[in-house]
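>>> here you go, sequence then predicted model.
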Amino acid sequence: MSSLDFFSALTSLPGLLHAHTTRLVTPSAVRHADHPDQLGLFPGVPVAWKTCTQVHGAEVAVVGADSPAVTAEVDALCTDEPGVALGISVADCCAVYIADPVRRVIGLAHSGRKGSEQNIAGQVISLMVNRWGSRPCDLVVQLGPCIRPPHYEVDFATMIREQVACAGVVHLHDCGICTASDLSRYYSYRAEKGQTGRMMAALCLHSD
């Protein structure tokens, strides 16, 4: 089992569960997202896991309890249903957590170089605004660990922060962690030349 990262900006929001797994303490590199129900991320809370087959694009899917467990060829998921746990896998790309504590809507995006160039985080925000009436000023956005310079030539974390700020978000947080700088705790696809596992970012609304 891996240990977990949590982010204070999300922990402080009532009715919200989140986690970011780290490197598995086993010899094999297992893709977390293949078996999210086995991770025990939200103990004592029954959840319906929803993941996606990520393609480094900018498509966003709205999911609910009745949606398929895996949505094909999207890189971000949104829901307004409590008990629906969103999960994406990362190993250098950035997990972008987006929460609207007023409208009670959440989104989770997989944003690497290609996804950031296509502004996938901004696509999630636009969907939340248009579908649920979210106001960007209410949103809380958290960037998870990802590869950063000097270990990668493109600083897509900065790109994401700029895009989110341009969308009107003021509650923006970045953990600042570089995955390639700490291979004892994180997987890094680039630093490990593709021979590595995946970490899972998870986000879920729940009823108190």
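All right, it came through fine.

>>> the residue nearest the centre of the chain pairs with what?
The C-alpha lying nearest the average C-alpha coordinate of the chain belongs to Ala95 (C-alpha atoms, centre = their mean; 3.3 Å). As for beta bridges, Ala95 partners with His110 under DSSP bridges.

>>> doesn't His110 make contact with it?
Yes. Contact criterion C-beta atoms under 8 Å: Ala95 and His110 qualify, at 6.7 Å. The way it works is simple: take the backbone N, C-alpha and C, and place the C-beta from them, glycine included.

>>> which neighbours do those two share?
Ile88 (C-beta atoms under 8 Å, 6 or more residues apart in numbering).

>>> now for whatever helix or strand Val141 lives in, which elements pack on it?
Using DSSP states H and E, the element containing Val141 is strand 140-143. Helices and strands touching strand 140-143, by 3 or more C-beta pairs under 8 Å, 6 or more residues apart in numbering; DSSP states H and E, are helix 8-11, strand 94-100, helix 156-166, strand 171-174.

>>> could you give the average pLDDT over it?
Across strand 140-143, the average pLDDT comes to 98.

>>> parallel or antiparallel, list what pairs with that strand.
Short version: by DSSP bridges, strand 140-143 pairs with strand 94-100 (antiparallel), strand 171-174 (parallel).

>>> for the residue nearest to the centre of the chain, what are its contacts?
Counted by C-beta under 8 Å, 6+ apart, Ala95 has contacts His20, Ile88, Leu108, Ala109, His110, Ser111, Leu143, Gly144, Pro145, Cys146, Ala201.

>>> okay if I get those as a markdown table plus distance to Glu81?
Below are the contacts of Ala95 laid out as a markdown table (distance: C-beta to C-beta, whole Å):
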| residue | distance to Glu81 |
| --- | --- |
| His20 | 22 |
| Ile88 | 17 |
| Leu108 | 14 |
| Ala109 | 18 |
| His110 | 20 |
| Ser111 | 23 |
| Leu143 | 24 |
| Gly144 | 23 |
| Pro145 | 27 |
| Cys146 | 28 |
| Ala201 | 18 |
